[in-house]
Structures are given as structure tokens and as C-alpha cells.
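Peer 1: build the 3D model from these lines:
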Amino acid sequence: MKNIAILGASGFVGNELISMCINHPEINIAGLSANRSAGEQINLEDIKKKNKSELYYKKIEEIDFSNIDFVFNCLPNEQFYKIIKDLPSELSVIDLSIDFRLNNKKDYLDWYKFKHDNPDLIEDFKYGLTELNRSQIKRAKHIANPGCYATSVLIPLTILVQEKAIRTDNIIIDAKSGYSGAGKTKGKHQLLKDVHENIKTYGVGDHKHIAEINQELTIHNDGKNVEVFFSANLIPVERGILSNIYISPVELSAEEIQKILYDKFKDEAFIKTLPLNEIPNTREVVGTNNLIIGVKKGYKNDTICIVSVLDNLVKGAAGQAMQNFNLMNEMDEGIALI
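Peer 2: Numbering: from 1, shown residues only. A predicted model of the protein is given here:
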């Protein structure tokens with residue numbers, strides 16, 4: 001049994017993790033932080049079902065970390081890197097913020113606009129894209145959980161870059177996310193107001209997730225630089241991501257591109273590649289840890305659209321974190337996941 005703490009537990013992702021932890025037979029929730037909600041009883045459906053009415057939010061400084069084995073960090077970006085040095089060094093950590101995703105400390109200033117206070121810890125964090133980095137994750141003590149958009153993009157693209165199946169100089173990504181991807185800071189009612197009868201484009205060419213996408217694709221391109229063009233869109237649904245990824249194959253047909261992806265992921269529990277020209281939608285994945293890939297042949301043979309869908313709160317955040325937790329602790333990867 002592992003005693004865990006969730007920092008930033010009152011947000012959308014934190015709430016997802018609480019529900020997963022309650023349903024995990026090898027997890028005991030020993031601390032839940034939410035500074036603005038400190039003292040409030042946690043009221044989630046899974047808590048009621050499991051008779052866990054004793055769960056309350058606390059301030060971080062009120063948690064006894066000497067009794068904690070494992071920390072999930074769901075704090076907003078640019079907070080965890082400031083406080084990790086105050087936590088016991090023996091703790092295992094999965095960080096769901098941007099704070100340790102990049103390997104080069106200079107990139108934090110270039111992309112995130114902050115100077116990292118703990119650059120010596122950066123190399124301790126392994127990038128937790130589960131299906132592609134299992135061997136590193138199993139041996140790691142600290143995991144940087146990938147971003148939701150990055151997960152939707154990297155799962156299909158990484159293998160195609162590795163196989164030299166596509167050109168790497170003109171990858172274009174147009175991604176859409178439900179409003180929960182914006183976090184709870186504004187409040188749910190304000191988020192609903194922002195997206196009601198509205199689609200909002202943001203992060204065109206400078207979205208924070210571009211940095212980790214470029215980094216990981218470059219690593220899998222034998223270190224040769226890859227830079228994608230990415231734009232994000234907030235749409236009037238609560239959850240779900242749909243990424244349209246436009247690629248140019250290198251002397252391969254759409255059928256061959258689909259086969260590469262199918263062969264790579266056919267034995268994966270949470271990734272499915274559809275037959276050629278079948279397109280997934282977010283309704284198929286909401287509430288699950290699944291990611292579904294579709295490959296659509298373009299009008300011209302030199303253009304292919306890959307459509308990737310996932311639930312931004314599950315496979316794009318809490319679900320992948322739970323997969324990584326299970327791997328790090330030599331447990332079945334799918335425990336507590338749908």
C-alpha cells in the first residue's frame with residue numbers, strides 16, 4: 001500500500017486523480033492540498049460510493065510528508081519547481097505541470113518565460129509518455145507527465161518520425177479542446193460563458209506544449225531539429241481533445257502510414273488505430289484513458305491528415321499519471337483506469 005498526496009487536488013485534474021486513487025486497491029490517500037479550499041470536505045461521487053467522507057483539503061504546509069511515499073503534483077504551472085526542494089528527497093513524484101518537462105534549462109526561459117530555480121533537478125525527471133517511454137518510467141523516481149495536447153500529437157507522430165516515414169519540415173497541427181483544458185482558475189461558470197456559442201483560437205505558434213512536442217520529436221529524429229506549427233482552439237464542450245495533424249509522407253501511401261501506426265499500437269490496451277479513412281470523435285473517448293487514431297487520405301497523395309482524440313483530463317493528464325504510477329510501482333498498468 002502506497003501513501004500518496006495530491007497537490008492542487010481541487011482542480012479538474014486533481015479531482016480526476018482523487019477518484020482514481022479511491023478506486024486503486026494499493027493506494028491510501030494521505031494528503032490532499034488546495035490552499036484556497038483548505039478545511040473544506042471533498043464532495044465527489046466516488047468518495048460517496050466508497051464511504052470516504054473523512055477526506056478534506058488542507059494547505060500544503062499542513063500535510064505530514066514524513067508519512068507520504070508518493071506525490072502527484074497538480075498545482076498550476078510555475079509553482080512546483082519552487083517548492084520541491086522543501087519536500088523530503090526520498091519522495092517519488094509525478095509532476096503534471098510544465099515545470100520539469102523540458103531537458104534544457106534555457107528552454108524554460110524561451111518558452112515558458114521563467115528562469116528555473118532548480119535546474120539541477122531537471123535531469124532527474126523522465127518524460128512520462130507511457131506507451132513510448134516505459135523502460136525509463138519503470139526505473140524513474142521523478143516523472144514529468146506530458147501535456148494533454150502533446151500526448152495527442154506525440155503518440156502518433158513519434159513512431160512516424162522514428163521510421164523516417166514523413167517529412168519533418170512541414171508538420172501542421174490544428175487542435176481543439178474542451179473548456180476544462182483551461183483549468184479551474186476562472187471558475188466553471190466563467191469558462192462556460194467564454195465558450196458559449198463560441199470557438200476561441202489561442203497559442204498560435206507559441207503554445208507551451210509546442211516546446212515538449214519539438215523536444216521529443218527531435219530526440220526521436222536522431223537529434224535532428226524538428227519544429228511543428230501548432231495552434232489550439234477552445235470549443236464549447238467540457239472535455240476532450242481532437243488534434244488534426246497534417247503530414248507529408250516520404251514515398252509512402254496513406255495505407256502504409258496507417259499500417260505503421262496499427263502495427264505499433266495493436267497490442268496496447270489504451271491506444272487504437274482505426275482502419276484507413278475512418279475518423280474518430282471525442283465522444284468515443286470521454287471519461288476513458290483511451291486514445292484513438294484515424295488516418296485520412298487527402299485529395300492529393302502528398303497530404304495525409306491524422307486525427308487523434310483523447311480525454312484531456314484522463315489520457316491527457318490524470319489517467320496517464322496513473323499509468324505511470326502503476327509502472328513505477330511494478331503494478332498492472334491499467335489498475336484504476338477505464
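
Peer 1: who's in contact with stretch 155-167?
Peer 2: 129, 131-132, 168, 171, 213, 216-217, 220-221, 226, 245, 247-250, 252, 256-257, 260-261, 264-265, 271, 291, 293, 306, 308 (C-beta atoms under 8 Å, 6 or more residues apart in numbering). Yep, even glycine has a C-beta here, placed from its N, CA and C like the rest.

Peer 1: identify each buried residue in that stretch, please.
Peer 2: Within stretch 155-167, the residues scored as buried using 16 or more other C-beta atoms under 10 Å are Ile155, Pro156, Leu157, Thr158, Ile159, Leu160, Val161, Gln162, Glu163, Ala165, Ile166.

Peer 1: likewise for stretch 204-221?
Peer 2: 207-220.

Peer 1: want to throw these into CSV with pLDDT, secondary structure and distance to Ala144?
Peer 2: Output for those, formatted as CSV (pLDDT from 0 to 100; DSSP: H, G, I helix; E, B strand; the rest coil; distance: C-beta to C-beta, whole Å):
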residue, pLDDT, secondary structure, distance to Ala144
His207, 96, coil, 17
Lys208, 96, coil, 13
His209, 98, helix, 13
Ile210, 98, helix, 16
Ala211, 98, helix, 12
Glu212, 98, helix, 8
Ile213, 98, helix, 14
Asn214, 98, helix, 15
Gln215, 98, helix, 11
Glu216, 98, helix, 11
Leu217, 98, helix, 16
Thr218, 98, helix, 16
Ile219, 98, helix, 14
His220, 98, coil, 17
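
Peer 1: circling back: quick one: which of the buried residues of stretch 155-167 is nearest to Ala317?
Peer 2: Ile155 (14.3 Å; C-beta to C-beta).

Peer 1: okay, the helix or strand where that closest one lies in CSV with CA atoms only?
Peer 2: Using DSSP states H and E, the element containing Ile155 is helix 148-162. Only the C-alpha atoms of helix 148-162 are listed here, as CSV (Å, rounded to 0.1, in the frame of the first residue of the first chain):
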residue,chain,number,x,y,z
CYS,A,148,-2.7,16.9,-23.0
TYR,A,149,-2.1,18.3,-26.5
ALA,A,150,1.4,16.9,-26.6
THR,A,151,0.1,13.4,-25.8
SER,A,152,-2.5,13.6,-28.6
VAL,A,153,0.2,14.7,-31.0
LEU,A,154,3.3,12.6,-29.9
ILE,A,155,1.6,9.2,-29.7
PRO,A,156,1.0,9.1,-33.5
LEU,A,157,3.9,11.3,-34.7
THR,A,158,6.8,9.9,-32.8
ILE,A,159,6.8,6.5,-34.5
LEU,A,160,6.4,8.1,-37.9
VAL,A,161,9.4,10.3,-37.3
GLN,A,162,11.4,7.4,-35.9
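
Peer 1: understood, closing this out.
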